[in-house]
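>>> Take a look and give me a structure for this.
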Amino acid sequence: MAASSTRSYLQYLLHLAQDNIDFRLPEIKALLSLRGKPFHPCDNFKEKSPFWCLDGLSEEDVHSVMARSVCAKSAFELWGHGRTHSELRTSLLNYPSENMSPFLNANSTYRINVYTFNKTLEFADRIKRIDAMEYLPFEGTVSLKNPQHIFCLLEDYGFDPNNIPENPYYIYFGRWIADAQRELIRSHSVKNRHFIGNTSMDAGLSFIMANHAKVKENDFVFDPFVGTGSLLVACSHFGAYVCGTDIDYNIIHGKGRSSRKNQQWRGPDENIRANLRQYGTEKNYLDVMVSDASKPVWREDVQFDAIITDPPYGIRESTRRTGSHKDVSKPPDGLYAESHVPVSLAYHLSDIFTDLLNFSAHHLVIGGRLVYWLPVYRPEYCEEMVPLHPCLRLISNCEQTLSSHTSRRLITMEKIKEPEEMDKLAHLSDPCFSPYQGHNAFREKYFSGLNKRDGREDDKSNVNGE
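Take a look at the predicted model:
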């Protein structure tokens, strides 16, 4: 670490995972902003590429990003790069010797790894590539099991698995800095979680949402549609204090039918607190309560550092709110009608998002982030369908495809000012309000797409004489 502060200009190479591609850039930008650093890519930056070269960072910045990212795989101090091995050699020989020397001295141990993207090399070919690096002034001893320094040769063979070129499109060489947190996806998998439900959020996406929200130690984080608490688990992992609400009494209290195969009823200790206890973060659990997201239950001065949620879409979980006397229409004078107050009413998606944005505008700290999922019918989607609010700035909008006709978009917004009286009605005058009322029909469009697909399959079966 000390050596890095005395060395000249450095570049760093990020090796990224090729799943959740749309989510990678907002995650890395958010994690860099926690360090107060902007995102500065090198020339010829390609967002879809598995390799990103970044400028203007320190090794401590890279370690900080890798300590949280689930979209990245590894990070390297970039020593050289080129389109061919000849260009790579020229680049490495021009790299400042004072940057290399602390890691090549005779008292050190090292290992060289070879990684290829979209191509598998035979072991003999890997050894040939390592032997060809003899022009580098390595003076230390090779140690395959426990080296002090690890170096990596990375070759990019493009994206097409059906047309793999003989030679790589691009080659990189650098010193390994750190691996990212891909292991969290396995260790926090909902398959092994104590308490799950029909809509428990995937572990990888939960950590991505926490990173997009810039959740950090001692933050106060809230989920208004908490469900089985997957997002609370992810946020507590990063040291935040977490709480949530949900309209479903059985979910909040861990009662009723189990979502697990071969288990009819939930056990006595299946609840959100038990999930945090499973991962050693129970001390960060504040509480959860049964509450209707359409009704104000918080004091006006309560403020959260982040609000992270996955609202119901009406597919696996119904969109509903509690009934009230205000929802009962009065009969004309002289007529009698039974004053029945319904237990629950439909809660339209457009109303859910309007209430969520208004709540966030009032209860986020300045600079706090709202991260939520927006379901969309892909044939009709346009950017104008994303709900907006005068107090919230749109940071990112990432798509996760669900089917040929539906997807959900991860929306990240940041609070930029305190709300004024007219802001709560701003959506009514917003020309975008009418388009995002179309979300109310998402459930019908979702199932109409399934019916069309089933119809096509039936027609195909009839044609084949089945």
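>>> Okay, buried residues for the strand or helix carrying residue 131 please.
According to DSSP states H and E, residue 131 maps onto helix 123-131. For helix 123-131, a neighbour-count test (16 or more other Cβ atoms under 10 Å) marks 126, 129-130 as buried. From N, CA and C alone the C-beta is placed, and that goes for glycine too.
>>> Between those, which sits nearest residue 172?
residue 129 (12.5 Å; Cβ to Cβ).
>>> contacting residues for the closest residue to residue 210 other than its chain neighbours?
Among residues not flanking residue 210 along the chain, residue 234 sits closest, at 4.4 Å (Cβ to Cβ, 6 or more residues apart in numbering). Residue 234 makes contact with 188, 203, 206-207, 209-210, 215, according to Cβ atoms under 8 Å, 6 or more residues apart in numbering.
>>> Restrict those residues to the buried ones and give me that as a PyMOL selection.
In PyMOL, this line selects whichever of the contacts of residue 234 come out buried by 16+ other Cβ under 10 Å:
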select buried, resi 188+203+206+207+209+210+215
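>>> List the strands paired with the helix or strand just after the helix holding residue 131, with their directions.
Downstream of helix 123-131, the first helix or strand assigned by DSSP H and E is strand 141-142. Partners of strand 141-142 in the sheet, by DSSP bridges, are strand 109-117 (parallel).
>>> which other residues reach the partner strand?
15, 50-51, 103-104, 121, 126, 129-130, 133, 138, 140-144, 146-157, 168, 176.
>>> same deal with stretch 367-375?
Taking Cβ under 8 Å, 6+ apart as the rule, stretch 367-375 contacts 209, 212-214, 303-311, 313, 349, 353, 356-357, 360, 364, 385-387, 392, 395, 406-415, 439, 442, 446.
>>> Give the buried residues for it.
368-375.
>>> Check which helix or strand residue 15 maps to.
strand 11-16.
>>> So which elements touch that strand?
strand 51-54, strand 72-82, strand 170-179 (3 or more Cβ pairs under 8 Å, 6 or more residues apart in numbering; DSSP states H and E).
>>> do you know which of those lies nearest residue 261?
Per Cβ to Cβ, nearest to residue 261 of the helices and strands packed on strand 11-16: strand 72-82, 32.2 Å.
>>> Next secondary structure after the closest one?
helix 85-93.
>>> average pLDDT across the helix or strand that that next one is followed by?
Going down the chain from helix 85-93, the next helix or strand is helix 97-100, by DSSP H and E. Helix 97-100 carries an average pLDDT of 92.
>>> mean confidence score for the biggest strand by length in the chain?
Secondary structure assigned by DSSP state E gives strand 364-377 as the longest strand of the chain. In this model, strand 364-377 carries a mean pLDDT of 96.
>>> That strand - which strands sit beside it in the sheet, and in what orientation?
With DSSP bridges as the test, strand 364-377 pairs up with strand 304-309 (parallel), strand 406-415 (antiparallel).
>>> Assign a three-state SS to residue 69, would you?
coil (DSSP: H, G, I helix; E, B strand; the rest coil).
>>> Which of the buried residues of stretch 367-375 sits closest to residue 10?
Checking these one by one against residue 10 (Cβ to Cβ), the nearest turns out to be residue 369, at 30.1 Å.
>>> Flag the shaky bits of the stretch 301-450 of the chain, pLDDT-wise.
Counting by pLDDT under 70, the stretch 301-450 of the chain has low-confidence residues at 314-344, 424-441, 443, 447, 449-450.
>>> can you give me the strands in it?
304-309, 320-322, 344-346, 364-377, 392-401, 406-415 (DSSP state E, counting those that start in this stretch).
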